[in-house]
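Asker: structure of the sequence below:
(one chain, ligands or ions: 1)
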Amino acid sequence: MLSRAQINSVLDLARCTIVSELSNEEFDSYVLSESSLFVYPYKLVIKTCGTTKLLLAIPRILELAEELSLPLAAAKYSRGTFIFPDAQPSPHKNFADEVAFLNCYFGGLKSGGNAYVIGDPAKPGQKWHIYYATEYPEKPVVTLEMCMTGLDKKKASVFFKTYADGHISCAKEMTKLSGISDIIPEMEICDFDFEPCGYSMNALHGPAFSTIHVTPEDGFSYASYEVMGFNPASLAYGDLVKRVLKCFGPSEFSVAVTIFGEQVSAKTWGKKLDVESYACSNMVEQELPSGGLLIYQSFTATGEVWLRRQGGCYLSMGFAGEQEFDHGWESYLAVQTKFHATGLAVLQLQQHFELDSLFGYPDTPGNSMPHSDI
Ligand SMILES: C[S@@+](CC[C@H](N)C(=O)[O-])C[C@H]1O[C@@H](n2cnc3c(N)ncnc32)[C@H](O)[C@@H]1O
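Answerer: Residues are numbered from 1 along each chain as shown. Predicted structure coming up:
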């Protein structure tokens, strides 16, 4: 159990604050000024955005875990491409710096530090960056992360506050009007509206969470959706993605699915998506240590559209505890972050893999290179 003061000591380092919260029997969730935090008995997930300094929170998180006698079990960090890389503070200046920083804390785990940069070489603004290190075999879990840019203006307008006849629109109305409440109806939602626009929400159901963050301003509109910890057999992958898209109508989006464990039902989540009015411009499958699989796909709306894109970051760390959850988690601490990226893109239909040009490797169809091997 972390006290509010302890949680704040982590968030202070990452440069964000709590604006709203909701708990259930399994975990506590917090909407932050810059995204979200989820605290489980043996897992912690932080997602931040903008120019926050998420990685700087790692030593404090490890210190708190040590105080609770929780040895580190695993760590995962992921993000898209920064829109304004020059605006990012250290250690987020570039992925090489981030990996070096992460390796200081997680490189000594049994798997060593494993870093990958995947995506379409023709779209340098759409790379997906992942770092993963683990001490123990992973328990079954599926995570879906979507990044959406170029939101439909009418749909984005829902996330601007309106003032009419003395009534100010609020987050609850945005949740309903946008269709967010219909994405997974059984989830309990904690939503928050920003002034004069912007929206964040966390949703809870048993051990599962989902979270949405919307920047509706035209020119750099962006929405992200994540869901983690649900039973994959209980949700149809393609239908879920379509319900999310219906809320935002993006001109471009990417989907990253990470699957750990042997769940046969989860395998449908590794399939190629078929979404009407969108063309898949890139699909990458990347094996991760401990039997993990990452499937990354990016899509562009067909037709004449202004193409923009933002990426996302994700870091997770796990700690070993004495208990085991019903759904198979054995103490896990995750830290998740999201940064923004944008760029022009050209509609392209292809599937291939890319070595990270950041490290001077040529493009090699059919493979991607663990950063630790570079
Ligand atoms: C959803 S919030 C913050 C979450 C974060 N930007 C993300 O995408 O995960 C972003 C939106 O809220 C608006 N906003 C208003 N006040 C804000 C504040 N104090 N901090 C962060 N965003 C704010 C921004 O203009 C933007 O439209």
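Asker: show me which residues of the stretch 101-250 of the chain are close to the ligand?
Answerer: For the stretch 101-250 of the chain, the residues found near the ligand under the criterion Cβ under 6 Å from any ligand atom are 194-195, 197-200, 213-217, 224. No exception for glycine: its C-beta is placed from N, CA and C like everyone else's.
Asker: what is the nearest of the residues you listed to the ligand?
Answerer: Taking Cβ to the nearest ligand atom as the measure, the ligand lies nearest residue 198 of those, at 2.0 Å.
Asker: the closest one contacts residue 215, doesn't it?
Answerer: Yes: using Cβ atoms under 8 Å, residue 198 is in contact with residue 215, at 6.0 Å.
Asker: by contact count, what packs against the strand or helix carrying residue 22?
Answerer: When secondary structure is defined using DSSP states H and E, the element that contains residue 22 is strand 18-23. Under the contact definition 3 or more Cβ pairs under 8 Å, 6 or more residues apart in numbering; DSSP states H and E, strand 18-23 sits against helix 4-14, strand 28-32, strand 188-193, strand 199-205.
Asker: adding mean pLDDT, write those out as CSV.
Answerer: Below are those laid out as CSV (pLDDT from 0 to 100):
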stretch, mean pLDDT
helix 4-14, 96
strand 28-32, 97
strand 188-193, 98
strand 199-205, 98
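Asker: can you list the strands that the strand holding residue 22 pairs with?
Answerer: Pairing partners of strand 18-23, with direction, according to DSSP bridges: strand 28-32 (antiparallel).
Asker: how long is stretch 109-124 from one end to the other?
Answerer: The first residue of stretch 109-124 is 31 Å away from its last residue (Cα to Cα, to the nearest Å).
Asker: so which bits of it are buried?
Answerer: By neighbour count, with 16 or more other Cβ atoms under 10 Å as the criterion, the buried positions of stretch 109-124 are 109, 111, 113-121, 123.
Asker: pLDDT of it, averaged?
Answerer: On average, the pLDDT along stretch 109-124 is 88.
Asker: still on that earlier bit, export the buried residues of stretch 109-124 as CSV, with columns for secondary structure.
Answerer: Compiled in CSV, the buried residues of stretch 109-124 are given as follows (DSSP: H, G, I helix; E, B strand; the rest coil):
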residue, secondary structure
109, coil
111, coil
113, coil
114, strand
115, strand
116, strand
117, strand
118, strand
119, coil
120, coil
121, coil
123, coil
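Asker: so can I have a markdown table of these showing distance to residue 137?
Answerer: As requested, those are arranged in a markdown table below (distance: Cβ to Cβ, whole Å):
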| residue | distance to residue 137 |
| --- | --- |
| 109 | 12 |
| 111 | 10 |
| 113 | 17 |
| 114 | 15 |
| 115 | 20 |
| 116 | 20 |
| 117 | 25 |
| 118 | 23 |
| 119 | 28 |
| 120 | 32 |
| 121 | 33 |
| 123 | 34 |
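Asker: so residue 198 and residue 215 - more neighbours on which side?
Answerer: A side-by-side neighbour count of residue 198 and residue 215, using other Cβ atoms under 10 Å, places residue 215 first with 22 against 17.
Asker: just checking, that one touches residue 200?
Answerer: No: applying Cβ under 8 Å as the test, residue 215 and residue 200 come out as separate, 9.9 Å apart.
Asker: name the spans of the stretch 1-150 of the chain whose pLDDT lies under the cut-off.
Answerer: Low-confidence regions of the stretch 1-150 of the chain, defined by pLDDT under 70, are absent; no residue qualifies.
Asker: mind listing the strands for it?
Answerer: Under the criterion DSSP state E, counting those that start in this stretch, the stretch 1-150 of the chain contains strands at 18-23, 28-32, 35-39, 43-47, 72-79, 114-118, 128-134, 141-149.
Asker: using CSV, list the CA coordinates for the last one.
Answerer: What follows is the C-alpha trace of strand 141-149 in CSV, where atoms were taken according to Å, rounded to 0.1, in the frame of the first residue of the first chain:
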residue,chain,number,x,y,z
VAL,A,141,-1.6,-10.6,-20.2
VAL,A,142,-2.7,-8.7,-23.3
THR,A,143,-2.3,-5.0,-23.8
LEU,A,144,-3.7,-2.9,-26.6
GLU,A,145,-2.4,0.6,-27.3
MET,A,146,-3.9,2.9,-29.9
CYS,A,147,-2.5,6.3,-31.0
MET,A,148,-4.9,8.4,-33.2
THR,A,149,-4.2,11.7,-35.0
